[in-house]
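**Student:** this is a predicted model, with the sequence first.
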Amino acid sequence: MPHKILSASAFLIALGAPAIADPTLGFGLNFTFGNGTINSGVGVRLFSNDTPDEFAGSLGVDYMFGSQGWRGSIGAAYMMENSYLELNGGYDFNRGGFDFGLGGGWANTDNDDDDDDNNGSDDSLVIMDPAGPVGDV
């Protein structure tokens with residue numbers, strides 16, 4: 001059974017590798033629903049994209065408080081400015097079952113918006129000739 005899980009994980013990661021544009025890390029909370037219980041935990045995520053207002057794939061590892069064990073997950077996230085919301089499916093290694101999760105938290109997103117970096121000012125350099133215009137006026 002562990003070999004099948006590792007093989008499937010490696011296959012899914014290999015499929016997602018060409019789609020990785022600019023990966024980033026995130027940290028957050030996760031709530032899982034499955035095995036007849038609701039469980040909460042904290043975890044770390046690797047996202048396939050760091051651009052705000054776009055969707056990204058995610059791979060994660062959580063420490064779940066209810067089962068007091070580790071959970072691996074794969075999912076889809078909506079990236080926002082320095083945060084994310086995520087839906088994921090995962091495997092709770094302590095309980096030995098699959099579940100679905102809803103999470104959110106902080107992510108290191110790319111905030112390179114031209115309008116935000118310079119507060120609306122023009123970055124171009126203007127040099128004026130102190131003698132005034134040259135040539136016919």
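**Tutor:** Perfect, thanks for sending it. Keep in mind that this is a model prediction, so the values were computed, not measured.
**Student:** quick one: low-confidence parts of the protein?
**Tutor:** Along the chain, segments meeting pLDDT under 70 span 1-21, 113-129, 132-137.
**Student:** render the CA-only coordinates of stretch 39-47 in CSV, please.
**Tutor:** This file holds the C-alpha atoms of stretch 39-47, laid out as CSV (Å, rounded to 0.1, in the frame of the first residue of the first chain):
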residue,chain,number,x,y,z
ASN,A,39,-10.1,17.9,12.4
SER,A,40,-7.9,21.0,12.5
GLY,A,41,-4.3,21.5,12.0
VAL,A,42,-1.4,23.8,10.9
GLY,A,43,0.8,23.2,7.9
VAL,A,44,3.1,24.3,5.2
ARG,A,45,2.2,24.5,1.5
LEU,A,46,4.2,24.6,-1.8
PHE,A,47,2.2,26.5,-4.4
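**Student:** can you tell me what sits against that stretch?
**Tutor:** Outside stretch 39-47, the residues that touch it by CB atoms under 8 Å, 6 or more residues apart in numbering are 23-32, 56-67, 71, 73, 77, 79, 84, 86, 92, 99, 103, 105, 107. No exception for glycine: its C-beta is placed from N, CA and C like everyone else's.
**Student:** list the buried ones in it?
**Tutor:** Asn39, Gly41, Gly43, Arg45, Leu46, Phe47 (16 or more other CB atoms under 10 Å).
**Student:** what's the following helix or strand after whatever helix or strand Gly89 lives in?
**Tutor:** Using DSSP states H and E, Gly89 sits in strand 83-92. Using DSSP H and E, the helix or strand that follows strand 83-92 in sequence is strand 97-107.
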